[in-house]
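Q: Need coordinates for the below:
(one chain, ligands or ions: 1)
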Amino acid sequence: MYNTILVAVDLSKDSLKVLDKAIAAANGDNSNIHLVHVVEPVAAAYSMDIYAINITELQQEAISMTEKKLKEIAKQLGIDEIKAHTLLGAPGPEIRNLAAEINADAIVIGSHGHSGWKILLGSTAIKVLHGATCDVLTVHVGEG
Ligand code: AMP
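A: Below is the predicted model:
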């Protein structure tokens, strides 16, 4: 059904559920699947004065750890590690831009993730939906 599927992985335990649905959408052909995790800039996450810490180093460590984790997931699923994308920035636009770049015809994303159940649809899913130029499949995760 889809030629190129981009899966947004937040590395929470619910990621497995999202990945399962993406595999089903790929009709068992995992070579059509790309994975993406977006690391949010460390400085943007804190309002306090953290200049005593080497932010660049911290950032690089977060990126390296994520890269390693995402490549491990890719390997387990038989996906070429070149298709495991670790990006830095704001998840919504980064996921949308990557989807356009790799010509994805579907983005698979969880309905909720780390940001919890305060709203009907997770904030990342909403941000990806707005302005997406391909199908966006939201996988119901969590309660209910
Ligand atoms: P949330 O916006 O935290 O409720 O997350 C909803 C869904 O967006 C998750 O289930 C993931 O599929 C995706 N997602 C959230 N944060 C990220 C991230 N940093 N990188 C990639 N995907 C993400």
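
Q: contacts and neighbour counts: CA atoms only from here.
A: Noted.

Q: what ranges do the helices span in this structure?
A: Secondary structure of the chain (DSSP state H): helices at 15-25, 42-45, 55-76, 91-101, 123-129.

Q: for this protein, what's the longest strand?
A: strand 33-39 (DSSP state E).

Q: near the ligand, anything from that strand?
A: Yes. With Cα under 6 Å from any ligand atom as the criterion, the ligand is reached by strand 33-39 at 36-39.

Q: Partner strands of that strand and their direction?
A: strand 5-8 (parallel), strand 84-88 (parallel) (DSSP bridges).

Q: Excluding chain neighbours, what is closest to residue 15?
A: Spatial nearest neighbour of residue 15, chain neighbours left out: residue 9 (5.6 Å); criterion: Cα to Cα, 6 or more residues apart in numbering.

Q: Tell me how far that neighbour lies from residue 57.
A: Distance, residue 9 to residue 57, using Cα to Cα, to the nearest Å: 23 Å.
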